[in-house]
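Chemist: I would like the atomic coordinates for the input below:
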Amino acid sequence: MAVNKRKILESAQKYLQKGALDKALKEYAALLKADPRDVNIRLKVGDIHLKQGKTDEAVTAYLRVAESFMNDGFDAKAVALFKQITKIDSKRADVYIPLAELYQRMGLTSDAMKAFQTAADSAYRSGSKDQALDLLRKMAGLDPSNTTNRIKVADLLRQEGRRQEALAEYDAVVAELERQGAQEQRIRILERIVEVEPDRVGALVAIGRARLA
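Modeler: Just a heads-up that it's a prediction; the model follows:
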């Protein structure tokens, strides 16, 4: 059954002007039932829920719109909405994952790294250590020359008893620090390698040569 969109919109607007938010919501719900992809109407629904103090319902509506914007390539609009969600509910750290991906897509590497870090910290605090590691690796991958991030990944792997993975990360950091000529830092990471694997002769020799140099 076709709906008269214009008539329903006018009715909803009148209810809004009168402050009859529940009645306005019913009108918008009828429009969404006819066209679930209407992001403008869903935004209005989110706004009304927010005015009513129903933050969970507002966030649910905004998330659907933000995801739609993201899928349709409206990256700047999606970013604005995801950021709005974090202001409404600061505990929604999961929002930082798509936010980081959007920043990455837009070439905003620094912002992407911060968003990945926030999401990783939240995941680690909640006990989702594998997810935290995955997010930290994504963050480190954005700028391989940023050894600080790779060391965080290696240290966390070491804490979790994943020795071989930790050693692989430390080895990559050592190679990058050598490329950068950062000998003092390189020695410190080589020492961590020896702590994890005391019989790593190559690391011991490298430390000795580096100290002599």
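
Chemist: got the contact list for stretch 115-127?
Modeler: For stretch 115-127, the external contacting residues (Cβ atoms under 8 Å, 6 or more residues apart in numbering) are 93-94, 96-97, 99-100, 103, 129, 131-133, 135-136, 138-139, 142, 156. Where you see a C-beta, it was placed from the backbone N, CA and C, and this is true even at glycine.

Chemist: should've said stretch 134-153
Modeler: Contact with stretch 134-153 is made by 97, 100, 104, 109, 112-113, 116-117, 119-120, 123, 133, 156, 169-170, 172-173, 176-177, 180, 182, 185, 189, as judged by Cβ under 8 Å, 6+ apart.

Chemist: buried residues in that stretch?
Modeler: Residues of stretch 134-153 classed as buried: 134-140, 142, 147, 149-153 (neighbour count, 16 or more other Cβ atoms under 10 Å).

Chemist: if any of the contacts of stretch 115-127 are buried, give me the ChimeraX selection for them.
Modeler: Burial among the contacts of stretch 115-127 is assessed by 16+ other Cβ under 10 Å; the matching ChimeraX selection reads:
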select :93,96,97,99,100,103,131,132,133,135,136,138,139,142,156
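
Chemist: output stretch 100-117 as CSV - backbone C-alpha positions only.
Modeler: Presented in CSV, the C-alpha positions along stretch 100-117 are these (Å, rounded to 0.1, in the frame of the first residue of the first chain):
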residue,chain,number,x,y,z
ALA,A,100,39.5,4.5,12.1
GLU,A,101,38.7,2.8,8.8
LEU,A,102,37.1,5.9,7.5
TYR,A,103,40.0,8.1,8.6
GLN,A,104,42.3,5.6,6.8
ARG,A,105,40.2,5.8,3.7
MET,A,106,40.4,9.6,3.8
GLY,A,107,44.2,9.6,4.2
LEU,A,108,44.0,10.9,7.7
THR,A,109,46.6,8.5,9.1
SER,A,110,47.2,10.3,12.5
ASP,A,111,43.5,10.3,13.2
ALA,A,112,43.1,6.7,12.2
MET,A,113,45.9,5.6,14.5
LYS,A,114,44.3,7.4,17.4
ALA,A,115,41.0,5.8,16.7
PHE,A,116,42.6,2.3,16.5
GLN,A,117,44.4,3.0,19.7
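
Chemist: per-residue confidence averaged over that stretch?
Modeler: For stretch 100-117, mean pLDDT is 94.

Chemist: can you give the distance of that stretch from its chain's centre?
Modeler: For stretch 100-117, the separation from the chain centroid amounts to 8 Å (computed by Cα atoms, centre = their mean, to the nearest Å).

Chemist: over to stretch 103-119?
Modeler: Remark: stretch 103-119 is offset 7 Å from the chain centroid, using Cα atoms, centre = their mean.

Chemist: cool, thanks, signing off.
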